[in-house]
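Visitor: have a look; sequence and predicted model below, questions after that.
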Amino acid sequence: MAGQSFWQAFSSIFGAEKLVQEELYLLQSNMPNLITYALPFVVAFTVLEFGLGRVFKHEDYTHEELRGSLWVGLGNLLVNLVLKSTLFLVAVWIYNLLPWRMELSWWSLIFCVLIYDFCSYWSHRISHFNRFFWAAHVVHHSAEHYNLTVAFRQSWVQHVKVIFFIPVALCGFHPIIFMVASQVSTLYQFWVHTEAIGKLHPFIEKYFGTPSNHRVHHGSQEKYIDKNFGATLMIWDHLFGTFQYEQEKPKYGLTTPLINKENPFELNFHEYRAIVKDIKKSDGLREVLFFMFASPSKVYRYKAEQSKNLSKSKLTWTLKATALVLFLLMVGQLLAAQSNLPEPKIKNLLFFLQRTPDANTVVYQLNLDKDGAVIEKAPVKASWIRYEENGMVKELSSVEKKFAYGVQCKQLGNESYEVRLVSYKKLPMYLQKTPTDQQYRLYIKDEGKDLLLKRVFVKVEGGGFWLPKVHYIDLFTVDSENGAQILKRIKLLPNG
């Protein structure tokens, strides 16, 4: 008798009827659309955060990244609208296959959200250790500033990760419960993308997803990388050893920053393009599979080691000597084209800029106060060396600072800064201390390498004062690992 009553109770929970085709349209139309209901609040809080940031001068937005986030978010919204019905029908199909179907009940949502969050943890974690899934997640980590619009940066192809949530559907939850749990998880993760909220009560910080915990996840420092994968709950990170409290301010973005921060197609698909490029150069099926599915960090280290070994095996002393001669000849020609301007000898010099047909030099120095400390708001200052005026050092005019030779600096934390020329903002430079002598140097990043910037030469032919025709920009750099001199050319005109 007792056994019979148990099976009757079990059947009442897991004995729901199959969903018939005729009812699906009505069922879907009556399904709560939490994203739509919450959209006005999402917009309102995003605008509020942006406004408060401007009032209190908290530089957590750039116009370029803001536009990129909005374009990516809009595209993601359109993709979700197109796929919403398809995902619902797949959930119904799985539901009807199961013999343990649950009735539509509010209490089942609690268990569904919990199991969904567990699967979300593993989906998120695998996306950081498998390059194929990382390519569908990397757009979310591409922003170098942390604000609510980062939540909009969801990949247009992120639905490939739906396979990680099949176990939730196999539990027998009603399709409406499954879809609502997905929306609850998405909405919860919106508010954690902000610097406007500091640390909360220790109990909340330990067990729940918070802005502080998620800031750690977006940090690119060694201690923060691949930590705090939990969406709603942090208990999974505690259980599986991936939890990390926020300590110093995170440095956001990718370890190799993107130059184009606005184009939504570049943001969404740059990693897929890199995968295809690596596959084309691969040697055999094993390497193809490695480039597709290995950990992104392993792929990076493998390519770096491969490049180093290739250089060692192919470059003989004869080739090195030839390359050196060619380099010196090229430098000599460039110097001749620049009226043989001397290399400036000036204190705290970071790099200098020369151009044709100008007969002077712009020098960029470390900007120190009277106590010898770096001025954080303006760590780099630019000045003229007027060779036509007996080498006089002269301040730039306000117009030159704003439109031609000035720099824009942004503090990144850990005594490092991002520096960009106002006339060519596409090239980020990084002012940071060298590990050996703790002196400030200026670097550019190229294919994962830190190249010490020594000199910039701008080739100008034609145009006027306000719109000169710049054919190319040469960057004279030194590899910080092996001291090799490297010339990087940025072509701006077809014949440059």
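Guide: Noted; the coordinates are in hand. Predicted, not measured: the structure shown is a model, and the values here were computed from it. Residues are numbered from 1 along each chain as shown.

Visitor: for L104, which non-adjacent residue is spatially closest?
Guide: Leaving aside its sequence neighbours, L104 sits nearest to H174 (Cβ to Cβ, 6 or more residues apart in numbering; 4.4 Å). Glycine gets a C-beta too; all of them are placed from N, C-alpha and C.

Visitor: so the one you found touches L109, yeah?
Guide: No - H174 lies out of contact with L109 (Cβ atoms under 8 Å); the separation is 9.3 Å.

Visitor: over to I225. Which of the three states is it?
Guide: Three-state call for I225 (DSSP: H, G, I helix; E, B strand; the rest coil): coil.

Visitor: max-length strand in the protein?
Guide: strand 449-463 (DSSP state E).

Visitor: I'd like to know which elements that strand is packed against.
Guide: strand 349-356, strand 440-446, strand 468-479 (3 or more Cβ pairs under 8 Å, 6 or more residues apart in numbering; DSSP states H and E).

Visitor: to Y95, which of those strands lies closest?
Guide: Y95 lies closest, by Cβ to Cβ, to one member of those: strand 440-446, at 49.3 Å.

Visitor: show me where the stretch 1-150 of the chain dips below the pLDDT cut-off.
Guide: 1-12 (pLDDT under 70).

Visitor: what segments of it are helices?
Guide: Secondary structure of the stretch 1-150 of the chain (DSSP state H, counting those that start in this stretch): helices located at 2-14, 21-29, 34-55, 63-97, 106-129, 131-134.

Visitor: same list (the ones you listed) but as CSV, adding distance to V168 and mean neighbour count.
Guide: Listed next are the helices of the stretch 1-150 of the chain as CSV, based on distance: least, Cβ to Cβ, whole Å; neighbours: other Cβ atoms under 10 Å:
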stretch, distance to V168, mean neighbour count
helix 2-14, 15, 10
helix 21-29, 19, 11
helix 34-55, 17, 13
helix 63-97, 9, 16
helix 106-129, 5, 19
helix 131-134, 18, 21
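
Visitor: my guess is L24 contacts V92. True?
Guide: Yes - between L24 and V92 there is a contact at 6.4 Å, judged by Cβ under 8 Å.

Visitor: and the spatially most central residue of the chain, what does it touch?
Guide: Centroid-nearest residue in the chain: S142, 1.6 Å away (criterion: Cα atoms, centre = their mean). S142 makes contacts with G68, R153, G253, L254, L258, K261, L267, as judged by Cβ atoms under 8 Å, 6 or more residues apart in numbering.

Visitor: wait, which of those is closest to F56?
Guide: Using Cβ to Cβ, G253 is the member of the contacts of S142 that lies nearest F56, at 22.6 Å.

Visitor: burial measure for T210, as a count.
Guide: By other Cβ atoms under 10 Å, the residues close to T210 number 22.

Visitor: list phi and psi for Q408.
Guide: When read as degrees, to the nearest 10, the backbone of Q408 gives phi -110, psi 130.

Visitor: cool, and the one 4 residues further on?
Guide: Taking degrees, to the nearest 10, you get phi -110, psi -10 for the backbone angles of L412.

Visitor: can you report how many residues lie near it?
Guide: Neighbour count of L412, defined by other Cβ under 10 Å: 18.

Visitor: which residues touch it?
Guide: By Cβ under 8 Å, 6+ apart, L412 lies in contact with K251, E418, Y430.

Visitor: quick check: PyMOL command selecting the buried ones in these.
Guide: To isolate in PyMOL the members of the contacts of L412 that are buried, counting by 16 or more other Cβ atoms under 10 Å, one can use:
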select buried, resi 251+418+430
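
Visitor: want to try a markdown table for the contacts of L412, with pLDDT as columns?
Guide: A markdown table is the format used below for those (pLDDT from 0 to 100):
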| residue | pLDDT |
| --- | --- |
| K251 | 90 |
| E418 | 92 |
| Y430 | 92 |
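
Visitor: dump the contacts of L412 to a markdown table, plus secondary structure and distance to K445.
Guide: As requested, the contacts of L412 are arranged in a markdown table below (DSSP: H, G, I helix; E, B strand; the rest coil; distance: Cβ to Cβ, whole Å):
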| residue | secondary structure | distance to K445 |
| --- | --- | --- |
| K251 | coil | 13 |
| E418 | strand | 11 |
| Y430 | strand | 7 |
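
Visitor: closest one to P40 out of the contacts of L412, please.
Guide: Distances from P40 to those, taken as Cβ to Cβ, are shortest for K251 (33.2 Å).

Visitor: that closest one reaches E222, doesn't it?
Guide: No - at 10.6 Å, K251 and E222 do not qualify as touching, with contact defined as Cβ under 8 Å.

Visitor: give the contact list for the residue lying closest to N367 once chain neighbours are set aside.
Guide: Spatial nearest neighbour of N367, excluding adjacent residues (Cβ to Cβ, 6+ apart): K381 at 4.2 Å. Counting by Cβ under 8 Å, 6+ apart, K381 touches Y364, Q365, N367.

Visitor: from the residues you listed, which ones fall inside helices?
Guide: Assigned to helices by DSSP state H, none of the contacts of K381 qualify.

Visitor: any chance of JSON lines for those residues, columns pLDDT and neighbour count?
Guide: Shown next, in JSON lines, are the contacts of K381 (pLDDT from 0 to 100; neighbours: other Cβ atoms under 10 Å):
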{"residue": "Y364", "pLDDT": "92", "neighbour count": "26"}
{"residue": "Q365", "pLDDT": "91", "neighbour count": "18"}
{"residue": "N367", "pLDDT": "90", "neighbour count": "18"}
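
Visitor: distance to L487 for these - can I get that in a markdown table?
Guide: Output for the contacts of K381, formatted as a markdown table (distance: Cβ to Cβ, whole Å):
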| residue | distance to L487 |
| --- | --- |
| Y364 | 19 |
| Q365 | 23 |
| N367 | 28 |
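
Visitor: any stretches of the stretch 201-350 of the chain with poor pLDDT?
Guide: Applying pLDDT under 70 to the stretch 201-350 of the chain flags the ranges 307, 309-341.

Visitor: try 50 this time
Guide: 331, 335-339 (pLDDT under 50).

Visitor: just the helices in it please.
Guide: 202-207, 211-218, 235-239, 264-280, 285-293, 296-314, 317-337.

Visitor: helices and strands around the third one, which ones?
Guide: So the one you mean is helix 235-239. Applying 3+ Cβ pairs under 8 Å, 6+ apart, one finds that helix 235-239 contacts helix 106-129, helix 202-207.

Visitor: export these to a markdown table and tack on distance to V374?
Guide: Output for the helices and strands packed on helix 235-239, formatted as a markdown table (distance: least, Cβ to Cβ, whole Å):
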| stretch | distance to V374 |
| --- | --- |
| helix 106-129 | 34 |
| helix 202-207 | 33 |
